[in-house]
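Student: Sharing a sequence plus its predicted fold:
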Amino acid sequence: MTAFPFREQSVPTWRRAVLKVGSSLLAAEEGGLSTRYALGLAHFIAACHRAGREVVLVSSGAVAAGRMLLRGHAGEDTSSAPRQAMAALGQTQTIALWQRMFDRPLAQVLLTHDDLRNRRRYLNARATLSELLVHGVMPVVNENDTVAVDELTLGDNDNLAAIVAALIDADILMIATDIDGLYTADPRGNPDARPLDEVAEVTPEIMDMAAGAGSSVGTGGMRTKLEAAAKAAAAGIETILFNGRDTEVMRLLGYDRLRGTRLRTTATRLQARKYWLSHMPAELGYIRIDEGAAHALCDEGASLLPKGVVGASGTFQRGDMVEIVTGDPDDLKLVARGISQYGSAELNRIAGAHTREIGALLGYSYGDSVVSRADMAMLELSWCGSQHPPMHTS
């Protein structure tokens, strides 16, 4: 019990969450993995599932598990190759640990930051996670440490969790750690450290309060958690930090009560998403749609389907940001911009077709929508007055 305990407060309303669990909650004292603290987290997740909520678990622990299996072979070498070998061995152990505690199926999803920076990989990752959730499967995400050499020095599952939260449009990011929350200083070395129940914004002053790595088995510390909270806040997502080792904290969390730190955001999720879509550079090309599709997008909030596509101009690929226009080729109106699920060549083959015909025309399908509503920013109709709409709007 700390001298200055955190007060009890409400958890933001949520339906979909990303829960990040660090190595310090999974590593056994004698090496390998332990269910000691994982059980409490699993009980919380199971209660969320029973309430109809969705949880994506971002779990560390693979390197700790692999180190135990390689004991006597790898020594104390922590360079890239041994750590990658540990991660490869430990991934199966980590998934097995979590699967033992759930009746529903789990799916392992290994990502690198490069996967989420690349727009096409971004779409593929989001589609996979969304499909798993639709079928009641809980994704267990981890950084692909076996190939992510540079990221290994960061231990960046905190930041990865924030990126995943934005990727799946989560309502909240939950970070379970081995400390009660954020303090004004490191409470393990400063008896005057005071708890911060709530943070309105992650400022440089707040970042200065963060210490280094929190344990010998994890490579992230409070600073990476604050970096993650800042990323989530930019996407309009709040973050909560709490002690995953404290049974009372976990019990309260099951009742939507937090004893930890709540990091708020000033942006709404819609504002953050639309700002990003509006300012993301567009490719040199556009999708031309008919008046019916323009009406559906502007007035009905619909996604763009191939039926309403007249054709595509320029050369762009799946996952590229493109502008959506309507009107005659010499008098185009800019309607919207969004991330295309299909490349320009593919769109010219399925233009005007029903969604059920996509597979037959292409031999495959990336889904019914050409541009999903979630990936679209509407713009005020503007007369372009030329054969090409304005490009690279920023």
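Tutor: Looks like it came in fine.
Student: So in this structure, where's the weakest helix or strand by average pLDDT?
Tutor: Using mean pLDDT, DSSP states H and E, helix 149-152 stands out as the lowest-scoring helix or strand of the chain, at a mean of 47.
Student: Tell me the helix or strand right after that helix.
Tutor: Per DSSP states H and E, helix 149-152 leads on to helix 157-167 as the next helix or strand towards the C-terminus.
Student: So which elements touch that next one?
Tutor: Packing contacts for helix 157-167, counted by 3 or more Cβ pairs under 8 Å, 6 or more residues apart in numbering; DSSP states H and E, involve strand 16-21, strand 54-59, helix 113-117, helix 119-134, strand 138-143, strand 172-177, helix 222-234. C-beta coordinates here come from the backbone N, C-alpha and C atoms, glycine included.
Student: Show me the contact partners of it.
Tutor: 18, 20, 22, 56, 58-60, 111, 113, 116, 122, 125-126, 129, 141-143, 170, 172-173, 175, 220, 224-225, 227-229, 231-232, 235, 237, 239 (Cβ atoms under 8 Å, 6 or more residues apart in numbering).
Student: Stretch 293-301 now?
Tutor: 289, 302, 304-305, 307-309, 324, 326, 333, 335-336, 373, 376, 378, 381.
Student: cutoff 7 Å now
Tutor: Ala302, Leu304, Gly308, Thr326, Val335, Ala336, Arg373, Met378 (Cβ atoms under 7 Å, 6 or more residues apart in numbering).
Student: Distance from the chain centre to that stretch, please.
Tutor: For stretch 293-301, the separation from the chain centroid amounts to 29 Å (computed by Cα atoms, centre = their mean, to the nearest Å).
Student: For it, which residues meet the burial criterion?
Tutor: Using 16 or more other Cβ atoms under 10 Å as the test for burial, stretch 293-301 gives Ala293, Ala294, Ala296, Leu297, Cys298.
Student: quick one: the third one from Val58, how far?
Tutor: When you say that, I think you mean Ala296. 37 Å (Cβ to Cβ, to the nearest Å).
Student: Kindly report the same for the last one.
Tutor: Noted for Cys298: a distance of 38 Å to Val58, by Cβ to Cβ.
Student: With the fourth one instead?
Tutor: According to Cβ to Cβ, Leu297 stands 34 Å off from Val58.
Student: re the thing from before, closest one to Val249 out of the buried residues of stretch 293-301, please.
Tutor: Leu297 (45.6 Å; Cβ to Cβ).
Student: doesn't that closest one fall inside a helix?
Tutor: Yes: the assignment for Leu297 is a helix, going by DSSP: H, G, I helix; E, B strand; the rest coil.
Student: Need the pLDDT of it.
Tutor: pLDDT recorded at Leu297 is 94.
Student: Can you show me the helices along this structure?
Tutor: Along the chain, counting by DSSP state H, helices occupy 38-50, 62-69, 80-99, 113-117, 119-134, 149-152, 157-167, 204-208, 222-234, 247-253, 269-279, 291-300, 344-350, 358-362.
Student: quick one, which of those is nearest to Gly189?
Tutor: helix 222-234 (12.8 Å).
Student: what helices or strands is the closest one leaning on?
Tutor: For helix 222-234, the packing partners by 3 or more Cβ pairs under 7 Å, 6 or more residues apart in numbering; DSSP states H and E come out as helix 157-167, strand 172-177, helix 204-208, strand 238-243.
Student: As a markdown table, these with mean neighbour count would be great.
Tutor: Formatted as a markdown table, these follow (neighbours: other Cβ atoms under 10 Å):
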| stretch | mean neighbour count |
| --- | --- |
| helix 157-167 | 27 |
| strand 172-177 | 27 |
| helix 204-208 | 11 |
| strand 238-243 | 24 |
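Student: Closest one of the contacts of stretch 293-301 to Asp192?
Tutor: Checking those one by one against Asp192 (Cβ to Cβ), the nearest turns out to be Arg373, at 50.9 Å.
Student: For the closest one, which non-adjacent residue is closest in space?
Tutor: Once flanking residues are discounted, Arg373 sits nearest to Ser303: 4.5 Å by Cβ to Cβ, 6 or more residues apart in numbering.
Student: Many thanks, have a good one.
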